[in-house]
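Asks: I would like the atomic coordinates for the input below:
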Amino acid sequence: MLKRVIIECPDRATSVAQISRALGDVTRLAIIELLAANGELCVCDVVEALDMAQSLLSHHLRVLREAGLVSDRRQGRWTYYALEPNAFAGFTGDVAALAKGEGELGNARRVAIKRTCN
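Replies: Okay, here's the model as predicted:
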């Protein structure tokens with residue numbers, strides 16, 4: 001039996017979790033695919049392409065922006081969105097390291113887990 005130990009998540013694990021939550025929605029995946037295929041787009045073009053209300057789209061874009069997956073810039077009254085070029089490379093590298101037990105969280109758990117039976 002393993003004893004439970006509460007540990008804080010290092011920054012890398014927190015980042016992976018935040019990006020994973022952002023990618024865990026089909027609408028946000030559609031937005032990423034749209035931006036990947038077309039480059040920077042005005043929010044009005046994304047609204048039209050996905051046929052959804054701007055308020056709902058704004059929520060999804062905010063989640064993606066806060067996760068560091070897209071960037072935005074204002075030009076006049078419009079906002080333009082683009083994929084962050086290095087976000088996915090860093091994310092896949094972090095996930096691979098965590099999956100191999102080489103991430104900060106994996107190392108913390110190896111130290112924190114104490115076996116109570118033999």
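Asks: Using the three-state scheme, assign the spatially most central residue of the chain.
Replies: By CA atoms, centre = their mean, the mean C-alpha position of the chain lies nearest to residue 19, the distance being 1.6 Å. Secondary structure assignment for residue 19 (DSSP: H, G, I helix; E, B strand; the rest coil): helix.
Asks: Same question for residue 16.
Replies: helix.
Asks: need the contact list for it.
Replies: 91, 94, 95, 98 (CB atoms under 8 Å, 6 or more residues apart in numbering). (Each C-beta comes from the backbone N, C-alpha and C, glycine too.)
Asks: What pLDDT does the model give it?
Replies: Predicted confidence (pLDDT) at residue 16: the value is 82.
Asks: quick one: low-confidence parts of the chain?
Replies: 1-10, 102-118 (pLDDT under 70).
Asks: In PyMOL, how would I select the buried members of the contacts of residue 16?
Replies: This is the PyMOL syntax for the buried subset of these, where burial follows 16 or more other CB atoms under 10 Å:
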select buried, resi 91+94+98
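Asks: At which residues are the strands of this structure located?
Replies: For the chain, the strands defined by DSSP state E occupy 2-3, 41-42, 70-75, 78-83, 114-115.
Asks: so residue 52 makes contact with residue 27?
Replies: Yes. If you go by CB atoms under 8 Å, residue 52 and residue 27 touch, sitting 7.4 Å apart.
Asks: one step back: of the strands of the chain, which is nearest residue 58?
Replies: Relative to residue 58, the nearest member of these by CB to CB is strand 78-83, separated by 8.9 Å.
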